[in-house]
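**Q** Pasting the sequence and the predicted model now:
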Amino acid sequence: MALSKPIKILVEDSWPPFAFKKDNRPVGMSVDIVLKAFKNAGEEVELVQVPYTRCIAQTQTGKYVACFNSARSKELDLSVVFPKEPLFKSKGLIIANAITAKKKPSKIKDLEGQSVALPAEFPFGKEFDDNMNINKVFTSSDQTSLMMLKSNRVSFAAVDEFVYYYYLRTTPEFKNQFQIVMEMSEEPIYVHFSKSHKDTKELVKKFELGLGMLKASGGYNDILENWVGVKGQKRVQIFSFTPKVQAFEAVPSLPPFDFYY
């Protein structure tokens with residue numbers, strides 16, 4: 001049975017290709033995945049687009065039931081619930097230009113003393129994040145990071161791999177300008193749910209089932225390929241939770257659910 005319609009869910013507003021604002025409405029790869037997953041589970045949702053920090057804060061307090069896109073952390077685990085499966089997994093990349101590629105860094109320590117542009121508040125793994133000897137230049141967006149690298153204002157850029165492939169597809173001036181010189185840790189990105197909201201338990205069940213149905217139908221890979229191309233789509237990890245469901249129009253029953261705090 002569907003909850004009162006529509007259920008309002010928060011989404012961040014400035015992280016292409018995952019979720020961003022276009023023509024005053026939310027669009028992106030994660031947006032398409034989340035809407036389709038809930039539709040598969042018979043639930044209609046309304047997306048409310050806000051800055052990422054507000055997205056986090058208003059689910060922690062229980063004002064809204066869910067928010068995306070979020071990376072799991074010890075701090076967030078105290079106040080929100082993460083489903084079994086992330087929206088996707090992707091690696092952080094170190095990108096060089098034609099000049100800095102010649103430095104041939106092969107490990108995080110090789111970046112010490114070098115300038116690396118990256119978006120604020122996005123994790124690239126403990127080894128990179130905790131290294132204070134890397135000259136980290138925080139930028140307003142990944143596109144800005146890549147523009148700085150292209151103009152040789154920084155030595156490297158740290159960019160999520162899906163973001164990188166998206167900008168290669170959509171920004172002609174980036175063509176043949178960059179080289180991947182290092183892969184960093186893989187980070188799962190989630191829809192997270194408020195621990196204090198009354199609808200959380202049922203919505204997590206429905207989201208997990210709907211996401212599994214989306215993967216089983218092949219629609220999941222289609223969405224990713226639409227946003228990041230064939231190369232980006234091929235990097236998608238195969239997750240463990242794939243229900244054997246053939247009918248995607250309605251949800252006959254919900255599977256057993258372990259609700260963790």
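**A** Now that the structure is in, tell me what you want to look at.

**Q** What is the neighbour count of residue 30?
**A** Residue 30 has 26 neighbouring residues, counting by other Cβ atoms under 10 Å. C-beta: built from backbone N, CA, C; applies to glycine.

**Q** Please tell me how far it sits from residue 41.
**A** 17 Å (Cβ to Cβ, to the nearest Å).

**Q** do the same with residue 86
**A** For residue 86 relative to residue 41 (Cβ to Cβ), the value is 17 Å.

**Q** which residues in the stretch 51-200 of the chain form helices?
**A** Assigned by DSSP state H, counting those that start in this stretch, the stretch 51-200 of the chain shows helices spanning 52-60, 74-77, 126-129, 142-150, 161-170, 200-217.

**Q** Dump the C-alpha coordinates for the first one into PDB.
**A** When you say that, I think you mean helix 52-60. Output in PDB follows, covering the C-alpha atoms of helix 52-60 (Å, rounded to 0.1, in the frame of the first residue of the first chain):
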ATOM      1  CA  TYR A  52      23.800  19.500   0.300                       C
ATOM      2  CA  THR A  53      24.400  20.800   3.800                       C
ATOM      3  CA  ARG A  54      20.600  21.500   4.200                       C
ATOM      4  CA  CYS A  55      19.800  18.100   2.700                       C
ATOM      5  CA  ILE A  56      21.800  16.400   5.500                       C
ATOM      6  CA  ALA A  57      20.600  18.700   8.300                       C
ATOM      7  CA  GLN A  58      16.800  18.400   7.500                       C
ATOM      8  CA  THR A  59      16.900  14.600   7.500                       C
ATOM      9  CA  GLN A  60      18.900  14.400  10.700                       C
END
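
**Q** For the protein, which segments are assigned as strands?
**A** Applying DSSP state E to the chain gives strands spanning 7-12, 14-15, 19-22, 25-27, 45-50, 66-71, 80-81, 88-97, 115-119, 135-139, 156-160, 178-194.
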